[in-house]
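# structure, please.
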Amino acid sequence: MEIETKYAISELGVFDALVELRALGDYTLRPIGERHVVDHYLDTAHRDLLRGGYACRLREGEAGRHWLLTVKGLGGAEGAVHQREEHEGEVPPKSAPADWPESPARDTVTRLSEDRPLTELFTLRQLRNSRAVERGGRAVGELSLDTVEADIAGHTSLEREIEVELGASGTMDDLHAIDAALRPYGVKAQSTSKFERALAMLDDTSGAPTPRKKKRKAPGVRADEPMAEAGRKILRFHFERMLANEAGTRKGEDIEALHHMRVATRRQRAAFRIASPYFKRKGVKAFRDELRALAGHLGEVRDLDVLIEAAEAYGASLKGAAAALDPLLDEWRSRRDGARDELLSHLDGEAYRDFTRRFGEFLSSRGAGVKDTPGDPPRPRLVRHVLPTEIWDHYGRLRAYETVMEWAPVQTIHSLRIEDKRLRYLLEFFAEALGPGLSGVLEALVGLQDHIGELHDVDVTIGLLRDFLMRSSYASTDPAVTAAVGRYLNLKQARLRSLQRTLKRPWKRVVGKRLRTALSRAVARL
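Here you go, the predicted structure:
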């Protein structure tokens, strides 16, 4: 009889905090390993095992090792507590029941299936962090922090949960005490198993001729897959987000739709920087060129949107004198409208429509455009082979700026932001393969990116305000306009000095030992 508690964790920061714990109340948590787990769930075509009240799972072992067969009873949950019958035994990899050694698990499967062939319902992949739970020298059980990925009928999900399974010396009192110690972390009792939730996903899609596609939360990258296919997943993930925001961008009613479309386009370009060495150059060059052109159109509109929004907010603070900024705003709005017309013309063009069709086909075709890789000598091509070097190379290029930080001009600082953003994107792209523990790293990188981003925007605004004061006829003939724009210029200059003066604060977090340690741990998991 398996007895355990299960809890869902919705916040990544909470999950990361639990990973770092070494005690829960009076219970010691001793790390005993971290591993990638691949589980195959099987049943007959008519789901005879499910009808009989059982789930059948084959868990992959290491290369050449036996797989673990587990047959579990279903149900038996009260809140977070699950009690169910469980039988286990080792079997040859990818073998049929006829080749399994005799065991209660095999007997249950053959009895219920009546020797009908088993087929795979779905596969679940998870990164499992395990802890031995002890109290006063007594082995209580095992705690697992799981990041679970499911890709079922085109529907992808990523969930995080914590399980506490009792060992031979554990008691229900232990589970209740651990439950009380977990409550401050805001975890939620999980009354269904991974199998039951995945089965619900499968059943939600199997009966509908055109299932509604859920918005994926992550690309689904694994450490054991080729970089080319990992890159294809990342590109497809952000390509879908780009297309999802196209309608809103065309309408122009919400500037955030254009912003999200631009971000998705930028991330595809960043993904290509990492993945393109594993594709044939001719196979991806046209896609990269089109993304660059699209990013240019989106960026021009977005930058003017940001300028106008900030100037309008400043104008609102002037109250009675707000009209003095109208000539400046009218000029910027006119430029934005022109840039928007060019963007819409681009989106309506045959070249863009052809690009989205061809790129969508490329991203849906595993193996398309991949370079041939000679096998002798073997070259790094899997995510776990390549990613450590990529991470430290990106971080090295970022940290190199510490030699010029004291006197760096704004343009150099902007280049620093580009390197910061590239490292951030890299870590986000491969977050599933790297595992938990990177939320603090990403927070630090985003903090530096946002600081420098505002600095750059302020510097651009200063240049445009100076240009307006020197060139505009309104500035030379209307003192009120000159005064309002001049005050806005002074405000931006003061803000620029403040941002330059305080840049060291977010920078110190990025070059600090804590961030390097977190990166090292993530790389070690590969």
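
# tell me which stretches of the stretch 101-250 of the chain form strands.
119-135, 138-152, 155-166, 188-189 (DSSP state E, counting those that start in this stretch).

# quick one: which of those is nearest G25?
In this view, these are compared for proximity to G25 by CB to CB, and strand 119-135 is the closest at 9.0 Å. Every residue, glycine included, has its C-beta placed from N, CA and C.

# direction included, what does the closest one pair against?
strand 27-43 (antiparallel), strand 138-152 (antiparallel) (DSSP bridges).

# may I have that strand exported as CSV, CA atoms only?
Presented in CSV, the C-alpha positions along strand 119-135 are these (Å, rounded to 0.1, in the frame of the first residue of the first chain):
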residue,chain,number,x,y,z
THR,A,119,-0.7,0.5,-26.4
GLU,A,120,0.8,3.8,-25.1
LEU,A,121,-1.8,6.3,-23.8
PHE,A,122,0.8,9.1,-23.2
THR,A,123,4.2,9.9,-21.9
LEU,A,124,5.1,12.1,-19.0
ARG,A,125,8.5,13.6,-18.4
GLN,A,126,9.7,15.1,-15.1
LEU,A,127,12.7,16.4,-13.4
ARG,A,128,12.6,15.0,-9.9
ASN,A,129,14.5,16.4,-6.9
SER,A,130,14.4,13.8,-4.1
ARG,A,131,15.0,14.2,-0.3
ALA,A,132,15.2,11.6,2.4
VAL,A,133,12.8,12.7,5.2
GLU,A,134,14.2,11.9,8.7
ARG,A,135,13.4,12.7,12.3
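
# list the buried residues of it.
Buried residues in strand 119-135, counted by 16 or more other CB atoms under 10 Å: 121-135.

# from memory E342 sits against H297, does it?
Yes. When contacts are counted by CB atoms under 8 Å, E342 is listed as touching H297 (6.1 Å).

# quick one, which of those two is more surrounded?
Taking other CB atoms under 10 Å, E342 and H297 do not tie; H297 has more neighbours (20 against 14).

# gap between that one and L258?
10 Å (CB to CB, to the nearest Å).

# again with E312
17 Å.

# over to G75?
Relative to L258, and taking CB to CB, G75 is found at 49 Å.

# so the two - more neighbours on which side?
A direct count of neighbours by other CB under 10 Å for G75 and L258 places L258 higher, at 23 against 11.

# in what helix or strand does that one lie?
Using DSSP states H and E, L258 falls within helix 255-275.

# packing partners of that helix?
In terms of contacts (3 or more CB pairs under 8 Å, 6 or more residues apart in numbering; DSSP states H and E), helix 255-275 is packed against helix 227-244, helix 246-251, helix 281-317, helix 410-429.

# dump the first one to PDB, restricted to CA.
Below are the C-alpha coordinates for helix 227-244, written out as PDB (Å, rounded to 0.1, in the frame of the first residue of the first chain):
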ATOM      1  CA  MET A 227      19.900  21.300 -30.200                       C
ATOM      2  CA  ALA A 228      18.300  21.600 -33.700                       C
ATOM      3  CA  GLU A 229      15.000  20.100 -32.500                       C
ATOM      4  CA  ALA A 230      15.100  22.000 -29.200                       C
ATOM      5  CA  GLY A 231      15.600  25.200 -31.200                       C
ATOM      6  CA  ARG A 232      12.700  24.300 -33.400                       C
ATOM      7  CA  LYS A 233      10.500  23.900 -30.300                       C
ATOM      8  CA  ILE A 234      11.600  27.300 -29.000                       C
ATOM      9  CA  LEU A 235      11.000  29.000 -32.300                       C
ATOM     10  CA  ARG A 236       7.600  27.400 -32.800                       C
ATOM     11  CA  PHE A 237       6.600  28.400 -29.200                       C
ATOM     12  CA  HIS A 238       7.300  32.100 -29.900                       C
ATOM     13  CA  PHE A 239       6.100  31.900 -33.500                       C
ATOM     14  CA  GLU A 240       2.700  30.900 -32.200                       C
ATOM     15  CA  ARG A 241       2.800  33.800 -29.800                       C
ATOM     16  CA  MET A 242       3.700  36.200 -32.500                       C
ATOM     17  CA  LEU A 243       0.800  35.100 -34.600                       C
ATOM     18  CA  ALA A 244      -1.600  35.200 -31.600                       C
END
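
# mind listing what's buried along it?
Within helix 227-244, judged by 16+ other CB under 10 Å, the buried ones are 227-239, 241-242.

# contact partners for the nearest residue to R505 once chain neighbours are set aside?
Nearest residue to R505, sequence neighbours excluded (CB to CB, 6 or more residues apart in numbering): H451, at 7.9 Å. Contacts for H451 (CB atoms under 8 Å, 6 or more residues apart in numbering) come out as L499, T502, L503, R505, P506.

# could you check how many residues crowd around the fourth one?
This points to R505. 11.

# and if you look at the last one?
Residues lying near P506 (other CB under 10 Å) number 18.

# pLDDT score for it?
pLDDT, P506: 95.

# you'd agree it is up against V446?
No. P506 is not in contact with V446 according to CB under 8 Å; the separation is 9.1 Å.

# one step back: which of the buried residues of strand 119-135 lies closest to R222?
Comparing the buried residues of strand 119-135 against R222 with CB to CB places R125 closest, at 6.5 Å.

# what's the pLDDT at that closest one?
The score at R125 is 91. That number is its pLDDT.

# likewise for the one 10 residues further on?
The predicted structure scores R135 at 94 on the pLDDT scale.

# how is P93 classified with respect to secondary structure?
Under DSSP: H, G, I helix; E, B strand; the rest coil, P93 falls in the coil class.

# what about it, how many residues close to it?
Counted with other CB under 10 Å, P93 comes out at 12.

# per-residue pLDDT, it?
For P93, pLDDT reads 90.

# quick one, what contacts it?
E60, G61, R65, H66, W67.

# residue ranges with poor pLDDT in this protein?
By pLDDT under 70, the low-scoring segments of the chain are 63-64, 205-216, 375-376.

# D179: neighbouring residues, count only.
Considering only other CB under 10 Å, D179 is surrounded by 19 other residues.

# cool, the one 10 residues further on as well?
When counting by other CB under 10 Å, one arrives at 15 neighbours for A189.

# wait, what's in contact with it?
The contact partners of A189, by CB under 8 Å, 6+ apart, come to T5, K6, Y7, A8, G79, A80.

# let me know the closest of those residues to L363.
A8 (31.2 Å).

# is that closest one in contact with E159, as I believe?
Yes. If you go by CB under 8 Å, A8 and E159 touch, sitting 7.0 Å apart.

# and the two? Which one has more around it.
It is E159, of A8 and E159, that has more neighbours when counted by other CB under 10 Å, with 19 against 16.

# residue contacts, the more buried one?
Neighbouring residues of E159 by CB under 8 Å, 6+ apart: A8, T147, V148, A150, R197.

# scan those and report the most crowded one.
Neighbour max across those (other CB under 10 Å) = T147, 23 neighbours.

# which residues touch that one?
Here T147 is in contact with F15, Q126, L127, L158, E159, R160, E432, G435, P436 (criterion: CB under 8 Å, 6+ apart).

# E4 versus that one, what's the distance?
18 Å.

# then R384?
As judged by CB to CB, R384 and E4 stand 30 Å apart.

# looking at the two, which is more packed in?
Set R384 next to E4 and count neighbours by other CB under 10 Å: E4 wins out with 22 against 18.

# on that earlier part again, hmm, which of the contacts of A189 are the buried ones?
Buried, going by 16+ other CB under 10 Å: T5, K6, Y7, A8, A80, out of the contacts of A189.
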